[in-house]
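A.B. asks: Need coordinates for the following:
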Amino acid sequence: MPSSVPNQEGSQELLDIDRFIHEPARLMILTYLYTIESADFVFLMRLTGLTWGNLSSHLSKVEQAGYVEIEKQFANKKPHTMIRLTQQGRVALRAYRQTMQRVLNALPDE
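C.D. replies: I've put the predicted structure just below:
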């Protein structure tokens, strides 16, 4: 076990982390959407490995937070759902990344 502990600055940063984004499934969803313009529901489900219900639940939460925009349409009489990251979602994910980088950089070297 290391003899030193993270400094207070790193600890405070960790306390301030966006816990909403920090949840693994939501982090994965937002990270994928950050790199692509938009994705349909089935593509995102396959990419993340989440079940239909689990992905749907997390997407509802990130939509309510304003991090994604969900557009539901019909294509050939079948429902088609497109998801894209909003500007607010991009800003939040960048801030999360910067905070995590500061937290990890505050860890002592072994």
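
A.B. asks: Report the buried residues of the longest helix along the chain.
C.D. replies: Taking DSSP state H as the criterion, the chain has its longest helix at helix 87-105. Neighbour counts using 16 or more other CB atoms under 10 Å place 89, 92, 93, 96, 99, 100, 103 of helix 87-105 among the buried residues. From N, CA and C alone the C-beta is placed, and that goes for glycine too.

A.B. asks: Contact partners for the third one?
C.D. replies: Each residue near residue 93 by CB atoms under 8 Å, 6 or more residues apart in numbering is listed here: 21, 30, 31, 34, 67, 85.

A.B. asks: quick one, helices of the chain?
C.D. replies: Counting by DSSP H, the chain forms helices over residues 8-15, 19-22, 24-35, 41-48, 52-64, 87-105, given from the N-terminal end onward.

A.B. asks: Next, the residues that contact the second one from outside, please.
C.D. replies: Judged by CB under 8 Å, 6+ apart, the contacts made with helix 19-22 from elsewhere in the structure are 26, 27, 30, 61, 62, 65, 67, 92, 93, 96.

A.B. asks: so what pLDDT did residue 82 get?
C.D. replies: According to the predicted model, the pLDDT of residue 82 comes to 96.

A.B. asks: can you redo the helices of the chain as TSV with mean pLDDT?
C.D. replies: Converted to TSV, the helices of the chain look like this (pLDDT from 0 to 100):
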stretch	mean pLDDT
helix 8-15	64
helix 19-22	90
helix 24-35	96
helix 41-48	96
helix 52-64	97
helix 87-105	93
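
A.B. asks: Now that we have the ones you listed, can you turn them into CSV and tack on distance to residue 76?
C.D. replies: Conversion of those to CSV gives the following (distance: least, CB to CB, whole Å):
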stretch, distance to residue 76
helix 8-15, 48
helix 19-22, 35
helix 24-35, 25
helix 41-48, 14
helix 52-64, 20
helix 87-105, 30
